[in-house]
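Participant: sharing a sequence plus its predicted fold:
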Amino acid sequence: MLTLQPEGQREISLRLNTTDTPRSPFERAIWDRLREQSDNGGVVGAKAFKKLAQQWPGFEQALRAELNQRGWFDPQARSHRVPLYIWGTVALVAMGIAMIPAIVGQQPWGILPIALLGTVGLTLLILGSVYPATTAEGERVGASWRGYADGLKAAARDRAQALDLEQILTDAAAFGIASSLDRRIKEASAQGFAPAWFARQNATGNSSFAFYPYWIVFHSGSGSSSAGTSGGAASSGGAGAGGSF
């Protein structure tokens with residue numbers, strides 16, 4: 001769907017492959033914005049690409065709407081958190097008020113209700129902060145992805161574990177763990193590795209570009225990425241594949 005290509009020595013551009021069709025509303029929202037930023041040749045230049053990261057909040061809203069529609073996110077989660085925050089705050093304020101006569105009057109009996117109000121207030125605030133945004137179905141689906149992410153992290157630490165960078169690279173970026181693969185990517189790039197979505201040639205036809213320097217530019221400039229599908233590896237939590245890096 002997208003091809004990353006060099007633009008100069010330190011910049012990148014994105015080429016839109018119009019033969020592919022975005023599969024989900026979230027992907028279509030990103031695709032439509034990319035088309036708006038592209039030139040007549042379907043290329044999003046380096047300057048336009050840098051601006052996309054600033055527009056991520058709009059993409060995030062589209063993603064959340066899609067997850068709500070799938071039944072994975074609870075649209076009422078916020079309304080469930082608010083009473084916990086309110087009553088937690090009320091309990092802590094009441095604790096502060098109760099401390100005044102206890103301190104001024106030096107009355108030890110006031111310690112018990114103060115401690116009780118403080119405990120209740122903190123408990124309610126903690127419950128509000130950890131109240132899940134996902135539904136039970138969302139938790140079930142997310143468990144396989146968390147297992148996959150844990151598998152990637154473990155495999156990245158094990159230098160003896162062979163990894164298929166072509167398969168896992170975009171997923172690792174989406175999980176925020178691509179930096180743990182930095183050494184592998186650099187070494188693989190030095191050996192000639194480049195994923196299928198990286199064009200070794202730029203617009204002028206020069207083909208002397210290694211993947212790693214432009215991956216660093218892309219990863220640091222994109223801000224956020226959406227994960228690709230992971231097949232059976234997501235279900236098993238494994239990250240090993242047939243690669244040699």
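Facilitator: Nice, I can see it.

Participant: going by neighbour count, list what's buried in the lengthiest helix in the chain.
Facilitator: Using DSSP state H, we find that the single longest helix of the chain is helix 77-104. Of the residues in helix 77-104, 81, 84, 87-88, 91-92, 94-95, 98-99, 102 count as buried by neighbour count, 16 or more other C-beta atoms under 10 Å. C-betas here are computed from N, CA, C, even on glycine.

Participant: who are the packing partners of that helix?
Facilitator: Packing partners of helix 77-104 (3 or more C-beta pairs under 8 Å, 6 or more residues apart in numbering; DSSP states H and E): helix 111-130.

Participant: distance-wise, check residue 62 relative to residue 55.
Facilitator: Using C-beta to C-beta, to the nearest Å, residue 62 is found at 11 Å from residue 55.

Participant: the more surrounded of these two?
Facilitator: Ranked by neighbour count (other C-beta atoms under 10 Å), residue 62 and residue 55 place residue 62 first, with 18 against 13.

Participant: what residues are up against residue 69?
Facilitator: The contact partners of residue 69, by C-beta atoms under 8 Å, 6 or more residues apart in numbering, come to residue 25.

Participant: off-centre distance for the helix or strand encompassing it?
Facilitator: Residue 69 is located in helix 56-70, with elements delineated by DSSP states H and E. In terms of C-alpha atoms, centre = their mean, to the nearest Å, the centre of helix 56-70 is found 13 Å from the chain centre.

Participant: which residue ranges make up each domain of this structure?
Facilitator: Following the assignment in automatic domain parsing, the chain carries domains at 2-73+135-236, 77-130.

Participant: and the ones you listed, which is most packed in?
Facilitator: domain 2-73+135-236 (a mean of 16; mean count of other C-beta atoms under 10 Å).

Participant: now do the end-to-end distance for stretch 196-214.
Facilitator: 14 Å (C-alpha to C-alpha, to the nearest Å).

Participant: now, which of the buried residues of helix 77-104 sits nearest residue 212?
Facilitator: Ranked by distance to residue 212 (C-beta to C-beta), the buried residues of helix 77-104 are led by residue 81 at 43.1 Å.

Participant: so the closest one sits right up against residue 130, yeah?
Facilitator: No: look at residue 81 against residue 130 with C-beta atoms under 8 Å: they stay out of range, at 9.5 Å.

Participant: now the helices for the protein?
Facilitator: Under the criterion DSSP H, the chain contains helices at 25-37, 46-52, 56-70, 77-104, 111-130, 136-157, 165-174, 182-190, 211-222, 232-236.

Participant: just put those in a markdown table and tack on mean pLDDT.
Facilitator: Conversion of the helices of the chain to a markdown table gives the following (pLDDT from 0 to 100):
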| stretch | mean pLDDT |
| --- | --- |
| helix 25-37 | 82 |
| helix 46-52 | 79 |
| helix 56-70 | 81 |
| helix 77-104 | 88 |
| helix 111-130 | 91 |
| helix 136-157 | 89 |
| helix 165-174 | 88 |
| helix 182-190 | 90 |
| helix 211-222 | 80 |
| helix 232-236 | 36 |
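
Participant: which residues touch stretch 84-100?
Facilitator: 110, 113-114, 117-118, 120-125, 127-128, 131.

Participant: check the gap between residue 74 and residue 123 for me.
Facilitator: For residue 74, the distance to residue 123 - C-beta to C-beta - is 21 Å.

Participant: and if you look at residue 32?
Facilitator: Distance from residue 32 to residue 123, counting by C-beta to C-beta: 45 Å.

Participant: just the CA coordinates for stretch 139-146, please, in CSV.
Facilitator: Written as CSV, here are the backbone C-alpha positions of stretch 139-146 (Å, rounded to 0.1, in the frame of the first residue of the first chain):
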residue,chain,number,x,y,z
GLU,A,139,-9.4,-7.9,26.6
ARG,A,140,-9.7,-11.3,25.0
VAL,A,141,-8.5,-10.1,21.6
GLY,A,142,-5.8,-7.9,23.2
ALA,A,143,-4.3,-10.8,25.2
SER,A,144,-3.0,-12.4,22.0
TRP,A,145,-1.4,-9.1,20.9
ARG,A,146,0.2,-8.6,24.4
